[in-house]
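Enquirer: whatever this is, show me its structure:
(one chain, ligands or ions: 1)
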Amino acid sequence: MPSGIMKFTNTIVLIILVLISVSCGGNQGSRDADGDQPIRILVTTGMIGDIVKNLVRDRGEVTALMGPGSDPHLYTPRRADLARLSQADLIFYNGLELEGKMVEALKSQRSRVPVVAVAEELGDGYELIHGGGAYDPHVWMDVQGWIAATGPIREALVAMDPEGAEFYTQNAAEYIYTLTRLDNYIRNIINNLEQERRVLVTAHDAFSYFGRAYEVEVHGIQGISTESEAGLRDINRLVDMVVEQKIPAVFVESTVSDRMVMTLVEGAGARGYRLKLGGELYSDSLGPSGSNADTYVGMVLHNVQTFVSAMGGEYPPFQAVQTGSTP
Ligand SMILES: [Zn+2]
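Expert: Now for the predicted structure:
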């Protein structure tokens, strides 16, 4: 081959290699050099979305697949969800089998972009609850658990966008400050509740972390996943407990059918005990927008205040902190 053509070919190869390396750099989802391309972040639940939004603010666009009222245990990805997954730069999900029917679709993105199972990466400092042969995924019910969840999210953001490291770390500190105040608030108002009133009966076993953190005895009518149905024997056992301990109220959940809870109320009624419905709790999704429970803090406040007032307790308002006022 004449040397002129050799040189020409080498130049072409070099140009192609340069083009490939440039496009790969852009592909991995890092912000572009001007910083005007927000990271496209996909999350499964609104609770995870709340952490991510508080950390990324205008450096990313956050989309939650499962909206208010969606049950993550039963959620099956639709075609549009699969398209969204394939367009995301970074993906966060809860893990611990919460998104039982989505795990395959989520994991299939791992060869392309970072996919982080937040509740599986909490670190050794946070002890997961094990029950019924598996880990309980409902970690957000303990505010300390959700503080731990900001760790892996911050780390993944910093890895993807190192220039924003200081920004993410500062935002995480502000968010954790608010959550720490929320955690103390819950502890205080539940401490003021009489010991025998600290019993929470709900539609499914979502509140074990809440119970452990705030010393409340919890009973879910259905199991940890809403896929399992409660048997008649379980219901009768709960009716006995409610009547014997004179529990004033039980609670329905926004993502779970209230059929089992109504069966419990009727069962108590048949025994001559008037069991009240204490209200609706948000267990596995945030509330609808504009509902006061459309943020993580709002959701947790709604749950704890609904519980405390149905149990005959009282509470002062929670003093929200303005963004940027970390001491
Ligand atoms: Zn659940």
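Enquirer: flag the shaky bits of the stretch 151-300 of the chain, pLDDT-wise.
Expert: Along the stretch 151-300 of the chain, segments meeting pLDDT under 70 are nowhere present.
Enquirer: now do the helices in the stretch 1-150 of the chain.
Expert: With DSSP state H, counting those that start in this stretch, the ranges of helices along the stretch 1-150 of the chain come out as 3-27, 46-56, 79-87, 103-107, 143-160.
Enquirer: weakest of these by average pLDDT?
Expert: For the helices of the stretch 1-150 of the chain, mean pLDDT drops lowest on helix 3-27, to a mean of 47.
Enquirer: hmm, stretch 240-260 touching the ion?
Expert: No: using C-beta under 5 Å from the ion, stretch 240-260 never reaches the ion; the gap is at least 7.3 Å. Glycine gets a C-beta too; all of them are placed from N, C-alpha and C.
Enquirer: buried sites along that stretch?
Expert: Val242, Ile247, Ala249, Val250, Phe251, Val252, Glu253, Ser254, Thr255, Val256, Met260 (16 or more other C-beta atoms under 10 Å).
Enquirer: ok, now stretch 87-100?
Expert: Those would be Ala88, Asp89, Leu90, Ile91, Phe92, Tyr93, Asn94, Gly95, Leu96, Glu97, Leu98, Glu99, for stretch 87-100 by 16+ other C-beta under 10 Å.
Enquirer: what does the chain put close to the ion?
Expert: Ala206, Asp284.
Enquirer: quick check, central residue of the chain?
Expert: Nearest to the mean C-alpha position of the chain, by C-alpha atoms, centre = their mean, lies Met47 at 3.5 Å.
Enquirer: ok, and the closest non-adjacent residue to that one?
Expert: Trp140 (4.6 Å; C-beta to C-beta, 6 or more residues apart in numbering).
Enquirer: now do the same contact list for the one you found.
Expert: Counting by C-beta atoms under 8 Å, 6 or more residues apart in numbering, Trp140 touches Met47, Trp146, Ala149, Tyr209, Tyr296.
Enquirer: tell me which two in these are the farthest apart.
Expert: Maximum pairwise distance among the contacts of Trp140 (C-beta to C-beta): 13.9 Å, between Tyr209 and Tyr296.
Enquirer: and the two? Which one has more around it.
Expert: Tyr296 (26 against 23; other C-beta atoms under 10 Å).
Enquirer: against the ion, how distant is the closest residue to Ser86 other than its chain neighbours?
Expert: Leaving aside its chain neighbours, Ser86 sits nearest to Gln109 (7.2 Å; criterion: C-beta to C-beta, 6+ apart). Applying C-beta to the ion, to the nearest Å, the value for Gln109 to the ion is 24 Å.
Enquirer: Gly133 now?
Expert: 16 Å.
Enquirer: okay, now that residue: neighbour count?
Expert: 6.
Enquirer: CA atoms only for stretch 158-178, dumped as CSV, please.
Expert: Taking C-alpha atoms only, stretch 158-178 is exported to CSV below (Å, rounded to 0.1, in the frame of the first residue of the first chain):
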residue,chain,number,x,y,z
VAL,A,158,-21.3,12.8,43.0
ALA,A,159,-19.9,9.9,41.0
MET,A,160,-21.9,10.9,38.0
ASP,A,161,-21.4,14.7,38.4
PRO,A,162,-18.2,15.3,40.4
GLU,A,163,-18.4,19.1,39.7
GLY,A,164,-21.5,19.2,41.8
ALA,A,165,-20.0,17.3,44.8
GLU,A,166,-20.1,20.3,47.1
PHE,A,167,-23.6,21.3,46.0
TYR,A,168,-25.0,17.8,46.7
THR,A,169,-23.2,17.5,50.0
GLN,A,170,-24.5,20.8,51.2
ASN,A,171,-28.1,20.0,50.0
ALA,A,172,-27.9,16.6,51.7
ALA,A,173,-26.9,18.3,55.0
GLU,A,174,-29.9,20.6,54.8
TYR,A,175,-32.2,17.8,54.0
ILE,A,176,-30.8,15.7,56.9
TYR,A,177,-31.2,18.6,59.2
THR,A,178,-34.9,18.8,58.4
